[in-house]
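Engineer: The sequence and its predicted three-dimensional model are supplied below.
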Amino acid sequence: MNIIMKNIEIQSVEEMEEFLHANQKAEFLIETRKDKYDFISRTLVKFRYSTAKRKAKKIIFRYLSKITGYSHVQMKRLIKEWKEKGLVAKTREKNKTSFQRKYKAEDLALLIKTDIVHKTINGKATKEILKRECGIFKKENYKNISEISVSHIYNLRNNSSQYLSSESIKYSKTNPTGVNIGERRKPYPEGKPGYLRVDSVHQGDLNGEKGVYHINLVDEVTQWEIIGCVEQISEQFLEKLLELLLGQFPFKIINFHSDNGSEYINKVVAKLLNKLLIDQTKSRPRHCNDNPLAEGKNGSIIRKHIGRNHIKRKNAPAINSFYQKYFNMYLNYHRPCGFATDYADSRGKIKKKYEIYLTPYEKLKSIENAGQYLKDKISFAELDKIAYAESDNDFADKMKKEKEKIFNKLER
């Protein structure tokens with residue numbers, strides 16, 4: 001039962017004691033803190049609490065606690081405050097953050113767009129793209145979001161309701177062969193481009209039918225990546241595709257390194273590489289880290305963009321055409337990659353830190369005397385026209401739309 005205090009009039013301490021005895025289970029309603037403080041002050045003055053006897057003080061104390069609902073400790077503090085300076089209820093102002101919101105909805109929309117078209121790459125690479133959109137491609141609307149820190153990119157990805165409600169976010173073993181082709185050793189490029197790591201990715205089986213195969217070639221120094229798609233990884237299909245893919249690198253190829261799968265360790269591939277004067281090496285036994293770059297790119301690039309669902313063999317030419325016209329251009333001119341810097345700790349152990357993020361093309365240009373590694377009739381002036389014709393996000397958006405067109409056709 002709630003009792004509103006304006007209907008109660010107590011004239012003496014004796015009446016107060018009787019009131020407490022009669023209303024042991026009752027609850028009293030005084031809505032605001034100001035009303036409670038006013039009631040406490042009036043009661044203490046009316047019954048001369050300061051000069052009252054000890055027994056009377058106890059009754060007044062119990063009475064005020066009962067009516068206001070304050071605890072023993074809190075009531076004791078309030079009476080002490082009343083004695084010292086009077087009891088005044090302070091109006092609390094609503095707490096306001098002293099920081100203004102730096103990244104508004106339109107800035108977050110640009111981050112979301114970037115993550116959608118690039119398939120949510122890591123924070124440092126994303127920041128590099130935002131900086132390039134503003135700095136290189138002169139898009140003023142990216143100026144604010146380009147200043148975002150890497151840690152705050154992850155904060156927004158994990159906590160922003162606008163981001164979380166958007167579209168963003170969201171291997172078969174090869175048979176070893178005993179053929180004596182290729183040298184078993186780990187290549188050492190020594191900072192020169194042209195040392196390729198090669199691997200293949202199978203697009204799964206369905207009802208006993210094999211899917212397409214993706215052929216992934218990655219340069220160890222620049223991370224320049226060329227991908228192709230083929231119906232089967234037999235010699236008949238691989239020879240023409242490998243020749244096409246090797247021809248798309250702007251620099252001279254020195255070394256071709258793969259695991260021990262029979263798709264690459266065979267006479268046809270060996271003959272092709274000999275014709276192109278390319279050295280062939282293969283992974284060593286019990287050295288699982290001999291080919292990690294290509295295997296890492298299989299997951300972070302091919303699986304991320306193409307997925308794991310079965311794709312029928314007859315669709316290989318359409319996917320390969322998409323790779324050559326759009327996807328490879330996107331990977332090498334518009335998608336930043338992390339490049340490790342080696343640091344030695346106090347014990348002399350080498351540790352890698354990924355502090356530098358560049359597109360493969362920018363990394364190629366940054367190599368000392370990089371022009372000497374380019375193929376004949378290829379110049380950086382011509383490559384610049386390709387690299388800076390469109391911004392990273394614009395080209396990624398175009399690539400994404402073309403990919404959707406192809407996969408919509410595959411679904412139908």
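Structural biologist: Noted; the coordinates are in hand.
Engineer: surely Asp199 meets Asp259?
Structural biologist: Yes - the criterion here is CB atoms under 8 Å, and Asp199 meets it with Asp259 at 6.8 Å. Backbone N, C-alpha and C define where each C-beta goes, glycine included.
Engineer: Who has more neighbours out of those two?
Structural biologist: Asp199 (26 against 21; other CB atoms under 10 Å).
Engineer: which residues in the stretch 251-400 of the chain form helices?
Structural biologist: Along the stretch 251-400 of the chain, counting by DSSP state H, counting those that start in this stretch, helices occupy 267-275, 292-297, 304-306, 316-322, 328-333, 360-366, 380-387, 392-411.
Engineer: Output the below-cut-off pLDDT ranges for the protein.
Structural biologist: 1-8, 25-29, 31, 90-99, 169-184, 285-290, 411-412 (pLDDT under 70).
Engineer: quick one, domains of it?
Structural biologist: Here the domain parsing of the chain from automatic domain parsing is 2-85, 105-164, 183-381.
Engineer: To Ala396, which of those domains lies closest?
Structural biologist: domain 105-164 (3.6 Å; CB to CB).
Engineer: and the closest one, how far out from the chain's middle?
Structural biologist: 10 Å (CA atoms, centre = their mean, to the nearest Å).
Engineer: what residues are up against the residue nearest to Phe395 when sequence neighbours are not counted?
Structural biologist: Excluding the flanking residues, the one nearest Phe395 by CB to CB, 6 or more residues apart in numbering is His334, at 4.9 Å. The contact partners of His334, by CB atoms under 8 Å, 6 or more residues apart in numbering, come to Ile129, Thr359, Glu390, Ser391, Asp392, Phe395, Ala396.
Engineer: cool, Asn393 as well?
Structural biologist: Contacts of Asn393 (CB under 8 Å, 6+ apart): Lys113, Thr114, Val117, His118, Ile129, Glu133.
Engineer: would you turn the domains of the chain into TSV with distance to Leu410?
Structural biologist: Shown next, in TSV, are these (distance: least, CB to CB, whole Å):
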stretch	distance to Leu410
domain 2-85	66
domain 105-164	18
domain 183-381	5
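Engineer: Of the helices of the stretch 251-400 of the chain, flag the one that's most buried.
Structural biologist: Mean neighbours per residue, mean count of other CB atoms under 10 Å, is largest over those for helix 328-333, with a mean of 22.
Engineer: Send over that helix as PDB, restricted to the C-alpha atoms.
Structural biologist: Output of helix 328-333 as PDB, limited to C-alpha atoms (Å, rounded to 0.1, in the frame of the first residue of the first chain):
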ATOM      1  CA  ASN A 328      43.900  -9.600 -61.000                       C
ATOM      2  CA  MET A 329      43.900  -5.900 -61.800                       C
ATOM      3  CA  TYR A 330      42.100  -5.300 -58.400                       C
ATOM      4  CA  LEU A 331      44.600  -7.400 -56.500                       C
ATOM      5  CA  ASN A 332      47.700  -5.800 -57.900                       C
ATOM      6  CA  TYR A 333      46.700  -2.200 -58.300                       C
END
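Engineer: how distant is it from the center of its chain?
Structural biologist: 20 Å.
Engineer: packing partners for that helix?
Structural biologist: strand 225-230, helix 360-366, helix 380-387, helix 392-411 (3 or more CB pairs under 8 Å, 6 or more residues apart in numbering; DSSP states H and E).
Engineer: 6 Å - rerun?
Structural biologist: helix 360-366, helix 392-411 (3 or more CB pairs under 6 Å, 6 or more residues apart in numbering; DSSP states H and E).
Engineer: Can you lay out those as TSV showing distance to Arg42?
Structural biologist: Putting the helices and strands packed on helix 328-333 into TSV (distance: least, CB to CB, whole Å) gives the following:
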stretch	distance to Arg42
helix 360-366	77
helix 392-411	68
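Engineer: who wins for proximity to Gln324 among these?
Structural biologist: Across the helices and strands packed on helix 328-333, Gln324 has its closest neighbour in helix 392-411 (11.6 Å, CB to CB).
Engineer: tilt between that closest one and helix 380-387?
Structural biologist: On the basis of axes from the mean of the first three to the mean of the last three CA atoms, to 10 degrees, helix 392-411 is oriented at 60 degrees to helix 380-387.
Engineer: hey, C-alpha coordinates of helix 392-411 in PDB?
Structural biologist: Output of helix 392-411 as PDB, limited to C-alpha atoms (Å, rounded to 0.1, in the frame of the first residue of the first chain):
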ATOM      1  CA  ASP A 392      40.600   1.700 -55.200                       C
ATOM      2  CA  ASN A 393      37.000   1.700 -54.100                       C
ATOM      3  CA  ASP A 394      35.700   2.500 -57.500                       C
ATOM      4  CA  PHE A 395      37.500  -0.300 -59.200                       C
ATOM      5  CA  ALA A 396      36.700  -2.700 -56.300                       C
ATOM      6  CA  ASP A 397      33.000  -1.800 -56.700                       C
ATOM      7  CA  LYS A 398      33.200  -2.500 -60.500                       C
ATOM      8  CA  MET A 399      35.000  -5.800 -59.800                       C
ATOM      9  CA  LYS A 400      32.300  -6.800 -57.200                       C
ATOM     10  CA  LYS A 401      29.500  -6.000 -59.700                       C
ATOM     11  CA  GLU A 402      31.100  -8.100 -62.400                       C
ATOM     12  CA  LYS A 403      31.600 -11.000 -60.000                       C
ATOM     13  CA  GLU A 404      27.900 -10.800 -59.000                       C
ATOM     14  CA  LYS A 405      26.900 -10.900 -62.700                       C
ATOM     15  CA  ILE A 406      29.000 -14.000 -63.300                       C
ATOM     16  CA  PHE A 407      27.800 -15.800 -60.200                       C
ATOM     17  CA  ASN A 408      24.200 -14.900 -60.900                       C
ATOM     18  CA  LYS A 409      24.500 -16.600 -64.300                       C
ATOM     19  CA  LEU A 410      26.100 -19.600 -62.600                       C
ATOM     20  CA  GLU A 411      23.200 -19.900 -60.200                       C
END
